[in-house]
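Asker: Sequence and predicted structure, then a few things I'm wondering about:
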Amino acid sequence: MTKPVIGLTGGIASGKSAVAAMFGDLGIPVVDADALARDVVAPGTPGLARVVEAFGPEVLAADGTLDRARVGARVFADADDRRRLNAILHPLIAAAGLQRLAALERESDAPYVLYEAALLVETGGAKQFSKLIVVAASESTQLERLMRREGLSHADAQARIDAQLPLEDKIALADHVIWNDGSRDETRGQVDAVHATLVAEATR
């Protein structure tokens, strides 16, 4: 691809999607790996069949869709299950992402494309991108958001954070860090600054 593809990642409940939406507001196409992850396990897909084969029919909801909450609770509690699920999903998500990026290369006039994914660093995928943006928030902010958004106890929210690669490890690989602890306007100011830099780099 000739158009730069910028990776965007961050810790759980750091506000990655909100930041990605701000780039979208600036006219930048965003490929959302979480949306791709839902697509590759939609009813009738080979991806869903493989997940059911690996984890049993109890991971299905009554309507035949994947019970993401049940699967999420299971893989957060068991590192081996998490690895098994990732081994099934990540190649499928990567293939779908490449297909989407190729379409955007043809269709979009934007100077660069953003690829948003929670596990870019963990899967080794960060190396594939022109630049890496990490969205960061303090652990206290992450805990508060998880407890409010997911209805988790403090202990369960902490367990979800602890199951992820430490934020500082992601920051160490970042070309740009956007801190998303403050107001929306403060975050947007950082997005505007990173966007201006990326546009300048893409168009020079």
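Answerer: Cool, got the structure.
Asker: List the contacts of residue 58.
Answerer: Contact criterion CB atoms under 8 Å, 6 or more residues apart in numbering gives residue 70 as the residues in contact with residue 58. All C-beta spots, glycine's among them, are computed from the backbone N, C-alpha and C.
Asker: Quick check: closest non-adjacent residue to the residue most central in space within the chain.
Answerer: Note on the chain: the residue nearest the mean C-alpha position is residue 117, at 2.3 Å, using CA atoms, centre = their mean. Using CB to CB, 6 or more residues apart in numbering and skipping residues adjacent in sequence, the residue nearest residue 117 is residue 33, 3.5 Å away.
Asker: And the one you found, its phi and psi?
Answerer: Main-chain torsions, residue 33, degrees, to the nearest 10: phi -60, psi -30.
Asker: That one - how many residues pack around it?
Answerer: A count of neighbours around residue 33, defined by other CB atoms under 10 Å, yields 25.
Asker: shouldn't it be in contact with residue 97?
Answerer: Yes - with contact defined as CB atoms under 8 Å, residue 33 and residue 97 form a contacting pair (6.3 Å).
Asker: and the longest helix for this protein?
Answerer: Longest helix in the chain, counting residues (DSSP state H): helix 79-107.
Asker: ok, and for that one, which residues are buried?
Answerer: Within helix 79-107, the residues that qualify as buried are 85, 88, 89, 90, 92, 93, 94, 96, 97, 100, 101, 104, counting by 16 or more other CB atoms under 10 Å.
Asker: Alright, calling it a day.
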